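1. fold the following, please.
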Amino acid sequence: MSFKAVAWMLLAATAFTTVLLFNYWAAYQLLSTLAYSGIVLALGGLANLLLPFRFLGVRKRAVGALVLAGGVALALAALFWPASMIRVAQPMTRLDEIVPEYQFFEKHSTRIHARPEQVMEAIRQSTFGDLTSLVTLLKIRGAVLRTPFHDADDLQSKRVLDAFSASGYLVGGSEHEVVMFGVWNVQANRHPEVHTLQEFVDYREQGAVKTAFDFNVEDTGGGWSTISTETRVAALGGVSRGMARYWRLIVPGSGLLRLQWLEGIKKRAESMPNLPS
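-> Residues are numbered from 1 along each chain as shown. Modelled structure (predicted):
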């Protein structure tokens, strides 16, 4: 087997593994995957345009130009693809009742060797320190937006749910579900006067973004529980187009943080003493 064939096989295997890992983090968001695939292709085409990849058998810069154009086209198509509305047919959770219509979502779950009561307590106690990649992602975001992030030490010990409450998020749920929800009017750059669950549900002002996420815990027997977390975003009016691009770019990092959050909750719950029935 030639060196060129081996190189192409390794490249294909690396690309396939990367896509699988990306989708695991991003909860299988096709348009986000396509957007980042286009970006990577465009960068590869640009590199080949500058210096052809002769070790792969590519000898003409025109190939790089074609790959660059194709990557840019793929990324733009994925980022600007219209977001369709998703509607809950039959509400099953409090999250379904609070956000029955939305365009963007992600969902993750895991099994925990603990009772639901322990898992719920672990959710309430979880801190930003459980999100081990958060500081790195915030620094990257700060560098892109030119707003440096300096509060890493203060952030680590803060409880996540308390921080969301302090920022204006409202809390709902049930015995085995926690739901947090908030709204921001992007066009007016302000928090609307929304102070109750019903006001949030009824709020329809154009230019606003409604966000909600939950943790739902199910007793699966034998001392085991299943915890799932879902985030939903409803963008009202013309801001849905900008939200679509933003969501498809951030969802891999968001998914990674959700997985780390679940892992932190799992460790806390499994290390707790048994709570009384």
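2. could I get the buried residue list for the helix or strand residue 38 falls within?
-> If you go by DSSP states H and E, residue 38 is part of helix 30-50. Within helix 30-50, the residues that count as buried by 16 or more other Cβ atoms under 10 Å are 31-42, 44-45, 48-49. All C-beta spots, glycine's among them, are computed from the backbone N, C-alpha and C.
3. outside of that helix, which residues touch it?
-> For helix 30-50, contacts defined as Cβ atoms under 8 Å, 6 or more residues apart in numbering pick out 19, 22-23, 26, 53, 58, 61, 63-79, 81, 247-249, 251-252.
4. picking up where we left off before, so which of the buried residues of helix 30-50 is the closest to residue 218?
-> Of all these, residue 32 has the smallest distance to residue 218: 27.7 Å, by Cβ to Cβ.
5. please report how far the closest one lies from residue 251.
-> Going from residue 32 to residue 251 by Cβ to Cβ, to the nearest Å gives 5 Å.
6. spell out which residues are contacts of both of the two.
-> Contact criterion Cβ under 8 Å, 6+ apart; residues shared by residue 32 and residue 251: residue 26.
7. domain parsing for the protein?
-> Domain assignment for the chain by automatic domain parsing gives 3-80, 86-271.
8. can you list those in JSON lines and add mean pLDDT?
-> Output for these, formatted as JSON lines (pLDDT from 0 to 100):
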{"stretch": "domain 3-80", "mean pLDDT": "82"}
{"stretch": "domain 86-271", "mean pLDDT": "91"}
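9. report the angle between the longest helix along the chain and helix 30-50.
-> Using DSSP state H, we find that the single longest helix of the chain is helix 239-271. If you take axes from the mean of the first three to the mean of the last three Cα atoms, to 10 degrees, helix 239-271 sits at 110 degrees to helix 30-50.
10. helix 239-271: how far from the chain's middle?
-> Taking Cα atoms, centre = their mean, to the nearest Å, one finds helix 239-271 lying 3 Å from the centre of the chain it belongs to.
11. ok, now stretch 53-65?
-> The answer for stretch 53-65 is 36 Å, by Cα atoms, centre = their mean.
12. quote the end-to-end distance of that stretch.
-> Stretch 53-65 has an end-to-end distance of 13 Å (criterion: Cα to Cα, to the nearest Å).
13. re the thing from before, can you show me the CA trace of the helix holding residue 38 as PDB?
-> As requested, the backbone C-alpha atoms of helix 30-50 are provided in PDB (Å, rounded to 0.1, in the frame of the first residue of the first chain):
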ATOM      1  CA  LEU A  30     -26.800  18.300  11.800                       C
ATOM      2  CA  LEU A  31     -26.600  21.900  10.800                       C
ATOM      3  CA  SER A  32     -23.900  22.700  13.400                       C
ATOM      4  CA  THR A  33     -21.900  19.700  12.200                       C
ATOM      5  CA  LEU A  34     -22.200  20.900   8.600                       C
ATOM      6  CA  ALA A  35     -21.200  24.400   9.500                       C
ATOM      7  CA  TYR A  36     -18.100  23.300  11.200                       C
ATOM      8  CA  SER A  37     -17.300  20.800   8.500                       C
ATOM      9  CA  GLY A  38     -17.500  23.600   6.000                       C
ATOM     10  CA  ILE A  39     -15.200  25.800   8.100                       C
ATOM     11  CA  VAL A  40     -12.600  23.000   8.300                       C
ATOM     12  CA  LEU A  41     -12.900  22.300   4.600                       C
ATOM     13  CA  ALA A  42     -12.400  26.000   3.800                       C
ATOM     14  CA  LEU A  43      -9.300  26.200   6.100                       C
ATOM     15  CA  GLY A  44      -7.900  23.000   4.400                       C
ATOM     16  CA  GLY A  45      -8.600  24.500   1.000                       C
ATOM     17  CA  LEU A  46      -6.900  27.700   1.900                       C
ATOM     18  CA  ALA A  47      -3.900  25.900   3.200                       C
ATOM     19  CA  ASN A  48      -3.700  23.800   0.000                       C
ATOM     20  CA  LEU A  49      -4.100  26.900  -2.000                       C
ATOM     21  CA  LEU A  50      -1.000  28.300  -0.400                       C
END
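14. how far off centre is that helix?
-> For helix 30-50, the distance to the chain centre is 21 Å (Cα atoms, centre = their mean).
15. repeat that for stretch 111-121.
-> Computed by Cα atoms, centre = their mean, the separation of stretch 111-121 from the middle of its chain amounts to 23 Å.
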